[in-house]
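Novice: Give me a model of this one.
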Amino acid sequence: MIAEYLDETRGLGLGDRRLLPEDPAGRAEARRLMAWFNVKFFNEASCWIVREKVYKRFMPTEQGGGSPDMELVRAARTNIRYHLRYIGYLTAERNWLAGVPGPSFGSPWSFRPCGTVTLAAIALI
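Specialist: As a prediction, this is how the structure comes out:
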C-alpha cells in the first residue's frame, strides 16, 4: 500500500488533507474497511461480475473467454446486494465510511486501481 506508506511517512505535513485519521482507532477502522473492500467485497462480488461481464468478452475462447456464466453473475449479484446493504448501514450510522469526513482509503472509489471498472460493473446488474 504505497498510499498508506506515504500517509504514514509524510502525512503530518498534509495537515487536514490526510487520508487516514490521526487517532489509532480511526486508522484501524479505515484499515479494516480497506481490507473488507480489497478482500471480501472483491472476492465475493465485483471480481465475478467484472470477469464474467467484461473480461470474458475480450479473452480468447481457449483462455476461458466467451459468453458469461450467468450462475456466477447471479451469485455475485446476490452477494453485491448484501455488501451494498452493509455500506448503506455504515453510511446511515456515520457521515463517512471510515476515519475522517470526506474521501479516505476506506472509500470504495479507492479500493483498487480498477475500482472505476468494478463500480461500473455494478450498473450492469
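Novice: so where do the helices sit in the chain?
Specialist: For the chain, the helices defined by DSSP state H occupy 2-10, 24-35, 47-50, 56-58, 70-93, 115-122.
Novice: show me where pLDDT drops low in this structure?
Specialist: By pLDDT under 70, the weakly predicted segments of the chain are 1, 99-125.
Novice: mind listing what the spatially closest residue to Val73 that is not a sequence neighbour touches?
Specialist: Counting by Cβ to Cβ, 6 or more residues apart in numbering, Val73 lies nearest to Glu52, which is 5.1 Å off, once chain neighbours are set aside. For every residue, glycine as well, the C-beta is placed using N, CA and C. Neighbour list for Glu52: 68-70, 72-73, 76 [criterion: Cβ atoms under 8 Å, 6 or more residues apart in numbering].
Novice: Determine how far the last residue of stretch 10-23 lies from the first.
Specialist: 16 Å (Cα to Cα, to the nearest Å).
Novice: One more: stretch 31-48?
Specialist: 24 Å.
Novice: So which bits of it are buried?
Specialist: 31, 33-34, 36-37, 41-42, 44-48 (16 or more other Cβ atoms under 10 Å).
Novice: can you check stretch 16-33 too?
Specialist: 18-21, 26-27, 29-31, 33.
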